[in-house]
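Undergrad: Whatever this is, show me its structure:
(one chain, ligands or ions: 1)
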Amino acid sequence: MIRHPEFAPGSVWLAGAGPGDPALLTLAALHAIETADVIVHDALVSGEILALAPAATVRIAAGKRAGGTQTPQWAIHEQLIAHARKGSRVLRLKGGDPFVFGRGGEECLALAAAGVAFRVIPGISAGIGATSAALVPITHRGIARSVAFATGEAGAEGADVDFRALGRAADTLVLYMARKHIGRIAAALIDGGRPSADPVAFVLDATTPREQVVHTTLGAAAGVALDLPPAATLVVIGAVAALGAVLARSEPAAHAASKRAAPAARRVGAAR
Ligand code: SAH
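TA: Just a heads-up that it's a prediction; the model follows:
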């Protein structure tokens, strides 16, 4: 029997909802979903997961989808604080892990400044869970001894990751929010010494029924990215990306078929 801490009225819990499949929620996150009065969730949190909350739970979308409606970060802070001050149990539910490219740290700072009690519940970040589910091992003996996680988005202040240096420092690169920037990133990586034949895997909507993995190379990645359907996408770069294609092909047929049935259908795109 699992003893959960008390979700006190007037407090805010920040929880990660994992990469998509509701079965990949933690027990702590599920408990929070079942107990909260108000859930303020990201666009990445699926309807299936929100449906686990009791009917009376207030659900507030505070999503940030590229190109879609944006809730400014300060407004999210104000909302969390206001609901907590009214005495609600407030759950801030985010895709993946709240502290991995999720602005969870900023929200905790705002709550602390307002004197609102908070707790953080980790989640399986897409860079770990989406990659494994898509059969891309991000480390592999003899192939990848190191992995770096980075965002492809340049900061508002123009601060970009030094991809020339990062490409030399880590064997595997797992890039969040990088798909529309892959041309610029690939050029910097190649400039820094990575071969243009370096394998690349685009992992789309992993652990959902729309899951797809598309394999290509660093040199061809920008062109391939243009043809991908809209989806939450991770870009995995390095030798393990090609290993993913090998594993997908060698998956025993019965197992692959059972996975296709529910929940995650997969298609391994041809390398270009
Ligand atoms: N806090 C989240 C990341 C939020 S940033 C986490 O820890 O996973 C949003 C980015 O995460 C997306 O642009 C995409 O790069 C990645 N992502 C999230 N879920 C994904 C999924 N199911 N499949 C592929 N990429 C995903």
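
Undergrad: Val203 reaches Val136, doesn't it?
TA: Yes. Applying CB atoms under 8 Å as the test, Val203 and Val136 come out as touching, 6.5 Å apart. The way it works is simple: take the backbone N, C-alpha and C, and place the C-beta from them, glycine included.

Undergrad: Which of the helices or strands spans Glu157?
TA: Applying DSSP states H and E as the criterion places Glu157 outside every helix and strand.

Undergrad: any idea how far it lies from the ligand?
TA: For Glu157, the distance to the ligand equals 18 Å [CB to the nearest ligand atom, to the nearest Å].

Undergrad: give me the element Ala201 is part of.
TA: Counting by DSSP H and E, Ala201 is found in strand 199-204.

Undergrad: Now for Val203 and Val136: what residues contact both?
TA: Common neighbours of Val203 and Val136, using CB atoms under 8 Å, 6 or more residues apart in numbering, are Val213, Val236.

Undergrad: What are the boundaries of the helices in the stretch 1-150 of the chain?
TA: 27-35, 47-50, 73-85, 104-113, 126-133 (DSSP state H, counting those that start in this stretch).

Undergrad: I'd like to know which of these is closest to the ligand.
TA: helix 126-133 (3.4 Å; CB to the nearest ligand atom).

Undergrad: who's in contact with the residue nearest to Leu91 when sequence neighbours are not counted?
TA: Distance criterion CB to CB, 6 or more residues apart in numbering; nearest residue to Leu91, sequence neighbours excluded, is Ala36 at 3.6 Å. Counting by CB under 8 Å, 6+ apart, Ala36 makes contact with Phe7, Trp13, Ala53, Thr57, Ser88, Arg89, Val90, Leu91.

Undergrad: And Leu109, by the same measure?
TA: Leu109 neighbours (CB under 8 Å, 6+ apart): none.

Undergrad: Give me the pLDDT for it.
TA: Leu109 carries a pLDDT score of 97 in this model.

Undergrad: and it, how far is that from Ala241?
TA: Leu109 is 36 Å from Ala241, where distance means CB to CB, to the nearest Å.

Undergrad: again with Leu226
TA: The spacing between Leu226 and Ala241, counted by CB to CB, is 19 Å.

Undergrad: who has more neighbours, these two?
TA: Ala241 (29 against 10; other CB atoms under 10 Å).

Undergrad: is it true that that one lies in a helix?
TA: Yes. Membership of Ala241 in a helix is supported by DSSP: H, G, I helix; E, B strand; the rest coil.

Undergrad: tell me which parts of the stretch 1-150 of the chain are close to the ligand?
TA: 19-20, 44, 94-97, 100-102, 125-126, 130 (CB under 6 Å from any ligand atom).

Undergrad: Which two among the residues you listed are spaced furthest apart?
TA: Within these, Gly20 and Phe101 form the most distant pair, 15.5 Å apart (CB to CB).

Undergrad: how deep is Leu247 tucked in, by neighbour count?
TA: 15.

Undergrad: wait, what's in contact with it?
TA: Leu247 touches Leu135, Val136, Pro137, counting by CB under 8 Å, 6+ apart.

Undergrad: what's around Asp37, how many residues?
TA: Using other CB under 10 Å, Asp37 is surrounded by 18 other residues.

Undergrad: Also Phe202?
TA: Using other CB under 10 Å, Phe202 has 24 neighbouring residues.

Undergrad: And for Gln79?
TA: Each residue near Gln79 was counted by other CB under 10 Å, and the total is 17.

Undergrad: Give me the below-cutoff pLDDT ranges for the stretch 1-150 of the chain.
TA: Low-confidence segments of the stretch 1-150 of the chain (pLDDT under 70): 64-69.

Undergrad: could you show me where the strands are in it, in order?
TA: Taking DSSP state E, counting those that start in this stretch, the strands of the stretch 1-150 of the chain run over residues 12-16, 38-41, 58-61, 90-94, 118-121, 147-151.
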